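1. Build me a model from this:
(one chain, ligands or ions: 1)
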Amino acid sequence: MSDKSNTVQAIQWQDGVLRLLDQRLLPLEERYIDCRNAEDTATAIHEMVVRGAPAIGIAAAFGLVLAVRADPTLFDAAEKVLAESRPTAINLHWALRRMRAIWAASFNADELEAEAVAIFEEDLAQNLKMAEFGAALIAPGSKVLTHCNTGALATGGHGTALGVIRTAWAQGRITQVYNTETRPWLQGARLTAWELMREGIPGKLIADGAVAHLMSTTKIDWVIVGADRIAANGDTANKIGTHMLAVVARHYGAKFMVVAPSGTFDLSMADGSGIPIEERTARELTEFKGSQIAPTGMQAFNPVFDVTPASLIDAVVCERGVVTPPTTAAIGAMLG
Ligand code: MRU
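-> Residues are numbered from 1 along each chain as shown. Sure, this is the predicted structure:
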């Protein structure tokens with residue numbers, strides 16, 4: 001399982017052990033942790049050792065393999081603990097459903113492991129395909145803006161939105177990438193910045209609050225983001241702040257692209273109003289790296305995803321094709 005563009009391997013499956021690059025420590029430290037059972041894996045997902053919708057799904061699939069290798073009767077309990085590890089990314093449930101179908105048909109740990117490996121390998125292949133589709137939408141000489149981290153760290157390799165940016169840059173279509181710091185967890189400042197620099201892609205980090213100023217003073221051609229769940233009509237849940245970016249992008253005439261594999265679509269939801277939005281601890285806002293920054297006792301509201309209405313999205317790029325703009329009919333036709 002290697003990304004032919006030779007990026008970081010944040011998820012490794014070696015000799016029956018799941019090794020995860022600890023994304024809480026990047027970019028200052030590159031340390032892997034080993035998961036030996038489903039509980040370790042669920043904790044790693046919940047605590048964001050591994051994060052990003054496709055990567056969460058891949059890790060959860062291997063978590064089930066770890067469980068049944070130890071004891072085949074553990075499948076149901078492992079599935080439950082993994083399903084509860086984070087609520088918004090549908091890729092987690094999509095991967096668990098795929099694994100359950102194999103287990104129900106075979107009760108065979110080798111087949112279950114083969115399915116987890118397939119989910120991992122397919123994700124990389126899908127990313128490479130989406131990268132070609134998405135890059136084709138970007139005219140040479142473009143400046144783009146991205147949010148959160150959607151690269152090799154968040155996927156099976158290459159990335160979704162960042163995969164499009166990598167490929168478009170390699171094709172000479174992009175002259176400048178801006179990436180938001182993505183408060184409060186700083187996926188942009190820590191992770192996307194790290195990936196851009198490793199690749200030699202010209203990136204500039206901006207504060208989340210600098211987006212409207214940037215767009216009012218510099219022509220941004222495309223905002224390119226990933227997704228954690230896309231409803232049937234194209235409403236898209238993604239990292240908190242994505243909705244605000246889309247509003248500002250529409251105001252200033254920047255086009256807005258969502259890049260996500262088919263496992264990110266949740267056609268059981270007609271629109272985005274029912275998508276569960278994860279809220280994380282207030283300490284992510286009231287503290288920074290364990291040091292208090294807000295007054296003692298200050299309350300905080302920390303939703304970590306939001307839903308961007310389909311009406312603000314110009315293009316949805318999937319490995320099955322591209323819809324411009326997203327509508328229920330166009331998405332249904334694309335996904336078959
Ligand atoms: O909280 P995170 O870091 O898991 O959130 C990640 C995102 O919101 C990404 O944009 C999304 O999962 C797409 S990743 C390819």
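
2. for Ala193, what are its contacts?
-> Contacts for Ala193 (CB atoms under 8 Å, 6 or more residues apart in numbering) come out as 27, 179, 203, 205. To be clear about C-beta, it is placed using only N, CA and C from the backbone, and glycine gets the same treatment.

3. Run a quick neighbour tally on Lys143.
-> Applying other CB atoms under 10 Å, we find 18 residues neighbouring Lys143.

4. nope, Thr308 is what I meant
-> 25.

5. Relative to the ligand, how far out is it?
-> For Thr308, the distance to the ligand equals 11 Å [CB to the nearest ligand atom, to the nearest Å].

6. Who is that residue paired with across the strands?
-> Thr236 (DSSP bridges).

7. Surely it is in contact with Thr236?
-> Yes. Between Thr308 and Thr236 there is a contact under CB atoms under 8 Å: 4.9 Å.

8. Identify the contacts common to the two.
-> 242, 258, 272.

9. Kindly provide the distance from the first one to the ligand.
-> So the one you mean is Thr242. 7 Å.

10. picking up where we left off before, which of the contacts of Ala193 ranks first by neighbour count?
-> Asn179 (26 neighbours).

11. Which strand or helix spans it?
-> Asn179 belongs to strand 174-180 when elements are defined using DSSP states H and E.

12. is whichever helix or strand comes after that strand anywhere near the ligand?
-> Later in the chain than strand 174-180, the nearest helix or strand by DSSP H and E is helix 193-199. No. Judged by CB under 6 Å from any ligand atom, helix 193-199 and the ligand are separated, with a smallest distance of 11.6 Å.

13. returning to what we had before: among the contacts of Ala193, which lie within strands?
-> Assigned to strands by DSSP state E, the following of the contacts of Ala193 qualify: 179, 203, 205.

14. Just give me the closest of those residues to Leu285.
-> Leu205 (20.1 Å; CB to CB).

15. wait, doesn't that closest one sit right on Ala189?
-> Yes. With contact defined as CB under 8 Å, Leu205 reaches Ala189; the gap is 5.8 Å.

16. Need phi/psi at the residue in the chain that the ligand sits nearest to.
-> For the chain and the ligand, the shortest gap (CB to the nearest ligand atom) falls at Gly226, measuring 2.7 Å. The main-chain torsion angles of Gly226 are listed as degrees, to the nearest 10 and equal phi -90, psi -160.

17. ok, and the closest non-adjacent residue to the residue nearest to the spatial centre of the chain?
-> The chain has Gly52 as the residue nearest its centroid, 3.3 Å off, counting by CA atoms, centre = their mean. Counting by CB to CB, 6 or more residues apart in numbering, Ala154 is the residue found nearest to Gly52 once chain neighbours are left out, at 2.3 Å.

18. helix, strand or coil for the closest residue to Phe265 other than its chain neighbours?
-> Closest residue to Phe265 apart from its sequence neighbours, by CB to CB, 6+ apart: Ile230 at 4.9 Å. Three-state call for Ile230 (DSSP: H, G, I helix; E, B strand; the rest coil): strand.

19. List the contacts of Ile230.
-> 236-237, 258, 260, 264-266, 316, 326, 331.

20. what do you get for Asn149?
-> By CB under 8 Å, 6+ apart, the neighbours of Asn149 are 51-52, 162, 182, 187-188, 190-192, 195.

21. Let me know whether stretch 244-262 sits next to the ligand.
-> No. With CB under 6 Å from any ligand atom as the criterion, the ligand is not reached by stretch 244-262; the gap is at least 6.8 Å.

22. Can you give me the end-to-end span of stretch 147-154?
-> This stretch, stretch 147-154, spans 13 Å end to end (CA to CA, to the nearest Å).

23. Check the offset of that stretch from the chain's centre.
-> 6 Å (CA atoms, centre = their mean, to the nearest Å).

24. And stretch 329-336, by the same measure?
-> For stretch 329-336, the distance to the chain centre is 22 Å (CA atoms, centre = their mean).

25. Please apply the same query to stretch 32-49.
-> Counting by CA atoms, centre = their mean, stretch 32-49 comes out at 17 Å from the chain centroid.

26. before we move on, what about stretch 218-233?
-> So, by CA atoms, centre = their mean, the centroid of stretch 218-233 is 12 Å from its chain's centroid.

27. Write out the residues of the chain neighbouring the ligand.
-> 51-54, 89, 148, 150, 154-155, 160, 187, 226-228, 238-239, 304.

28. change it to 5 Å
-> Contact residues, the chain versus the ligand (CB under 5 Å from any ligand atom): 51-53, 148, 150, 154, 160, 187, 226, 228, 238-239.

29. Inside strands: which ones of these?
-> Checking these against DSSP E, those in strands are 238-239.

30. For stretch 26-46, buried residues please.
-> 26, 32-33, 35, 37-42, 44-46 (16 or more other CB atoms under 10 Å).

31. So which of these is the closest to Ile119?
-> Thr41 (13.9 Å).

32. Was I right to think the closest one contacts Gly57?
-> No. When contacts are counted by CB under 8 Å, Thr41 is not listed as touching Gly57 (11.7 Å).
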